[in-house]
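Novice: Need the 3D shape of this:
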Amino acid sequence: MKPKVALMVKEEVIKLLQVGFIKPVDYSQWVSNIVPVLKKNGKIRICIDFQDINKACPKDDFPLPSIDVIVDATT
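Specialist: Prediction:
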């Protein structure tokens with residue numbers, strides 16, 4: 001990562017920590033990579049790549065029915 005972008009990411013993470021939007025953890029079962037995205041105004045947005053977490057999560061054997069099935073069942 002470029003030094004300028006790394007500094008902007010660090011500032012954004014510190015800001016998110018201070019407002020309580022994120023919190024530090026000692027260790028986690030899954031680690032997701034952050035993806036810094038530059039906005040048009042020159043600021044940075046931190047996005048998270050959830051592909052690894054989605055691969056690690058088990059699929060639900062009993063998924064919720066779709067809204068069409070629920071509406072039809074109520075009539």
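Novice: so how far is stretch 68-75 from its chain's centroid?
Specialist: 33 Å (CA atoms, centre = their mean, to the nearest Å).
Novice: Check what contacts it and list those residues.
Specialist: Stretch 68-75 has contacts (CB atoms under 8 Å, 6 or more residues apart in numbering) with Pro65. C-beta: built from backbone N, CA, C; applies to glycine.
Novice: Now the longest helix anywhere in the chain: buried residues?
Specialist: In the chain, taking DSSP state H as the definition, the longest helix is helix 3-19. Going by neighbour count (16 or more other CB atoms under 10 Å), the buried part of helix 3-19 is 8, 12.
Novice: What is that helix packed up against?
Specialist: strand 34-38, strand 44-48 (3 or more CB pairs under 8 Å, 6 or more residues apart in numbering; DSSP states H and E).
Novice: These: which one's closest to Val19?
Specialist: Judged by CB to CB, the one of the helices and strands packed on helix 3-19 that comes nearest to Val19 is strand 44-48, at 13.3 Å.
Novice: angle of the longest helix of the chain against strand 34-38?
Specialist: Angle between the axes of helix 3-19 and strand 34-38 is 110 degrees (criterion: axes from the mean of the first three to the mean of the last three CA atoms, to 10 degrees).
Novice: No further questions, thank you.
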